[in-house]
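*Asks:* My questions are about this predicted structure, shown below with the sequence.
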Amino acid sequence: MADIVSLLLPFFGLILIGYIAAKATKQPAEALGWLNTFIIYAALPALFFKLVSRTPIEELTRVDFIVTDIAATYAVFILLFAIGRILRGNSLADCTIQSFAGAYGNIGYMGPGLALLALGERAAVPVALIICFENALHFIVAPALMAAAGDDKRSAGRLAADIVRKVTLHPFILSTALGFAVAALHIDQPPAFQRLVDYLAQAAAPCALFAMGVTLALRPLKRVPIEISYIVPAKLILHPILVFIALTGVGGFEPVWIHAAVLLACLPTATNVFVIGQQYGVWQERASATILITTVLSVMSVSLWLIVIRSGFLPLQLFP
């Protein structure tokens, strides 16, 4: 247990430092802009490029892993969508944000730092693949469902073009694709370039976690939605369980790949869920509350999953 605490204390400590700094200095939200720009356009892309480009190409083409992971994630999405739409009678737009709150984890900001710290460099490839492909699909599903709900006024052609542009030009996806190319072509990187990439990559986790703490402080808890009662368990408990069952049921994956996927699945709701809600004027305060509550509770859920993973108790293949 002590090693779990020593592992998570600096991780969640950085979030707490960001939270305290925001409360103490009372800087406006705009002050975070350049730090977020550095994280999204420099530090995290450098980390993804580094991880992927230095990995054998045969490990990067596990389509079965990506499909299985995404199927489990969207099983949670569909379940929450059905609860909101059928049982609670919520609008299509509300159901979309609620479903993302339970299925879209903070994998970009929290995933790489935690997985590499807990599982080592061997977790790099599954983490990069999950972040790249899950984000790409989320960027497609969100505007498509909002358009179906009538909250997106763009024409079908304009909407499709904007989705393609957002997916193909996102820094995370571009850097991962470039890493694929370098790995496939066995391109030797100059030492000076590698050092630059290393410097940027090392800054990714501390900056992202600090910025996350600041973001949480700037979005105070104003309204706790009733949907929290089932969204939080879905995100922090059901999601990792389904990912584990799906990957072990299919079988054939390295233990560290399964552990990395489960660890990313138990992360709290992504701050992008609030951004999507704000963009369309839907479920904004409640999305903010969900992010804050799941982030606080994820201290326990992440600790629990790390204990389970390190205990070796779980089978890594359901069907021998």
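*Replies:* Yes, it's here.
*Asks:* Show me where the stretch 201-320 of the chain has its helices.
*Replies:* In chain order, the stretch 201-320 of the chain shows helices spanning 228-233, 239-250, 255-265, 272-280, 284-311, with DSSP state H, counting those that start in this stretch as the criterion.
*Asks:* Please identify the most buried of those helices.
*Replies:* Using mean count of other CB atoms under 10 Å, the stretch among those with the largest mean neighbour count is helix 255-265, at a mean of 24. Just so you know, the C-beta spots here come from the backbone N, C-alpha and C atoms, and that holds for glycine as well.
*Asks:* which residues are in contact with that one?
*Replies:* Counting contacts by CB atoms under 8 Å, 6 or more residues apart in numbering, the residues outside helix 255-265 that touch it are 62, 65, 69, 72-73, 105, 107, 111, 114-115, 118-120, 122-123, 125-127, 130-131, 239-240, 242-244, 247-248, 302, 305-306, 309, 316.
*Asks:* Residue ranges in the stretch 1-150 of the chain under the pLDDT threshold?
*Replies:* Within the stretch 1-150 of the chain, the segments meeting pLDDT under 70 span 1.
*Asks:* picking up where we left off before, just tell me which of the helices of the stretch 201-320 of the chain ends up closest to F38.
*Replies:* Using CB to CB as the criterion, the shortest distance between F38 and the helices of the stretch 201-320 of the chain is 17.4 Å, found for helix 272-280.
*Asks:* Mind listing what's buried along stretch 95-102?
*Replies:* Judged by neighbour count using 16 or more other CB atoms under 10 Å, the buried positions of stretch 95-102 are C95, T96, I97, Q98, S99, F100, A101, G102.
*Asks:* Now tabulate these in JSON lines and tack on secondary structure and distance to K23.
*Replies:* Formatted as JSON lines, these follow (DSSP: H, G, I helix; E, B strand; the rest coil; distance: CB to CB, whole Å):
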{"residue": "C95", "secondary structure": "helix", "distance to K23": "34"}
{"residue": "T96", "secondary structure": "helix", "distance to K23": "32"}
{"residue": "I97", "secondary structure": "helix", "distance to K23": "27"}
{"residue": "Q98", "secondary structure": "helix", "distance to K23": "29"}
{"residue": "S99", "secondary structure": "helix", "distance to K23": "31"}
{"residue": "F100", "secondary structure": "helix", "distance to K23": "27"}
{"residue": "A101", "secondary structure": "helix", "distance to K23": "24"}
{"residue": "G102", "secondary structure": "helix", "distance to K23": "28"}
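*Asks:* export the helices of the stretch 201-320 of the chain to TSV and tack on distance to S91 and mean pLDDT?
*Replies:* Listed next are the helices of the stretch 201-320 of the chain as TSV, based on distance: least, CB to CB, whole Å; pLDDT from 0 to 100:
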stretch	distance to S91	mean pLDDT
helix 228-233	16	95
helix 239-250	24	95
helix 255-265	27	94
helix 272-280	11	89
helix 284-311	13	88
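*Asks:* Indicate which one of these is closest to F48.
*Replies:* Taking CB to CB, helix 255-265 is the member of the helices of the stretch 201-320 of the chain nearest to F48, at 13.7 Å.
*Asks:* Just confirm F139 contacts D162, I think it does.
*Replies:* No - here F139 does not reach D162: they are 9.8 Å apart, not a contact under CB atoms under 8 Å.
*Asks:* Looking at the two now, which is surrounded by more residues?
*Replies:* Summary of the neighbour comparison: F139 and D162, criterion other CB atoms under 10 Å, with F139 having more neighbours (21 against 14).
*Asks:* Checking Q27 next. Helix, strand or coil?
*Replies:* In terms of secondary structure, Q27 is coil; the call rests on DSSP: H, G, I helix; E, B strand; the rest coil.
*Asks:* all strands in the stretch 51-200 of the chain, in order from the N-terminus.
*Replies:* Counting by DSSP state E, counting those that start in this stretch, the stretch 51-200 of the chain forms no strands at all.
*Asks:* so which of the helices of the stretch 201-320 of the chain gets nearest T25?
*Replies:* Between T25 and these, the tightest spacing by CB to CB is seen for helix 284-311, at 19.4 Å.
*Asks:* other SSEs contacting that closest one?
*Replies:* Counting contacts by 3 or more CB pairs under 8 Å, 6 or more residues apart in numbering; DSSP states H and E, helix 284-311 packs against helix 2-25, helix 92-103, helix 111-119, helix 191-218, helix 228-233, helix 255-265, helix 272-280.
*Asks:* ok, now with 6 Å
*Replies:* helix 2-25, helix 272-280 (3 or more CB pairs under 6 Å, 6 or more residues apart in numbering; DSSP states H and E).
*Asks:* now the closest residue to A142 other than its chain neighbours: how far from G213?
*Replies:* Spatial nearest neighbour of A142, chain neighbours left out: I276 (5.2 Å); criterion: CB to CB, 6 or more residues apart in numbering. Between I276 and G213 the computed distance is 21 Å (CB to CB, to the nearest Å).
*Asks:* re earlier: would you mind telling me which of the helices of the stretch 201-320 of the chain is nearest K222?
*Replies:* Relative to K222, the nearest member of the helices of the stretch 201-320 of the chain by CB to CB is helix 284-311, separated by 5.2 Å.
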